[in-house]
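Undergrad: Dropping the sequence and predicted coords here.
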Amino acid sequence: MLTLQTRTAELAGTSYEIGYQLGKMTGQIPPLKATHTRGMDGFDAEKVNEAVALFDRWCPGLTEELRGFANALEVDPERIFFYGMTCLLPRCSQIAVLPSVSTDGKPLLARNYEFDNKAEDFCLVRTSVNGKYTHMGTSVLHFGRDDGFNEHGLAVTMGRLADKKLKRSDGDSPCNTYALWYVSCTILSGAFPALASRSLPATAKRTSSLVRTVMESSNSPLTCGVT
């Protein structure tokens, strides 16, 4: 039988302060620090800058979290493993059961698991960023979320991104970095709907529209899949 160690964490403050807290926590566990600061082959400063541009546009606050994390660990930002891992495309699938068909009259949300347990955090995190919704969920490399729900009852789970990769803000060159791990946080914190505009890619428009529609039309706990 496989035995795994799980953890819980509670984070509060500005995005930078939350990243700094994570860095201090990580620094106390040498193997965990080594994992998060080993970088990724081929993911140099130029690609980090490209990732930062993407994060700043689609995931407000993530760059500040990563900066706080790097400062707490006293390493260069490009050494943070999260940057390179955002290239990874998840393959999970989801199912949502509406209250009208569930046995107890409540919505149900589930996701299958198709990843290596050695690469998982197995950490349940409660996050309260100043000025944003408080949310709770399972973390991905500290900063992202597999699944979670916020103080208003909106539940989000992550699946495969079906559309093409996001592009840089100039619209010319394809960006090889995904921000998907953190999009769940952005939605749960209430920041994502504000990004809905004509410049959003098709996936983002559909997800944002779904979030707004569900939030405006239901008084029961809410569900939303990030696909």
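TA: Now that the structure is in, tell me what you want to look at.

Undergrad: Would you list the phi and psi of the nearest residue to residue 45 once chain neighbours are set aside?
TA: Once flanking residues are discounted, residue 45 sits nearest to residue 78: 5.1 Å by CB to CB, 6 or more residues apart in numbering. C-beta: built from backbone N, CA, C; applies to glycine. Taking degrees, to the nearest 10, you get phi -70, psi -10 for the backbone angles of residue 78.

Undergrad: got the contact list for residue 78?
TA: 39, 43-45, 48 (CB atoms under 8 Å, 6 or more residues apart in numbering).

Undergrad: neighbour-wise, which of those leads?
TA: Neighbour counts for those, by other CB atoms under 10 Å, peak at residue 43, which reaches 22 neighbours.

Undergrad: wait, is that one part of a strand?
TA: No - under the criterion used here (DSSP: H, G, I helix; E, B strand; the rest coil), residue 43 is coil, not part of a strand.

Undergrad: Where does the prediction get shaky in the chain?
TA: Per-residue confidence for the chain (pLDDT under 70) gives these ranges: 87-91, 159-180, 192-227.

Undergrad: what are the ranges of the helices in it?
TA: 15-27, 30-36, 45-58, 62-73, 81-85, 180-188, 202-217 (DSSP state H).

Undergrad: most neighbours per residue, which of these?
TA: Stretch with highest mean neighbour count among these: helix 180-188 (a mean of 25; mean count of other CB atoms under 10 Å).

Undergrad: May I have that one exported as CSV, CA atoms only?
TA: Taking Å, rounded to 0.1, in the frame of the first residue of the first chain, the C-alpha atoms of helix 180-188 are listed here in CSV:
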residue,chain,number,x,y,z
LEU,A,180,-3.2,27.0,-16.4
TRP,A,181,-2.0,25.9,-13.0
TYR,A,182,-2.8,29.4,-11.7
VAL,A,183,-6.0,30.1,-13.6
SER,A,184,-7.9,28.1,-11.0
CYS,A,185,-6.6,30.6,-8.4
THR,A,186,-7.5,33.5,-10.5
ILE,A,187,-11.1,32.4,-10.9
LEU,A,188,-11.5,31.4,-7.3
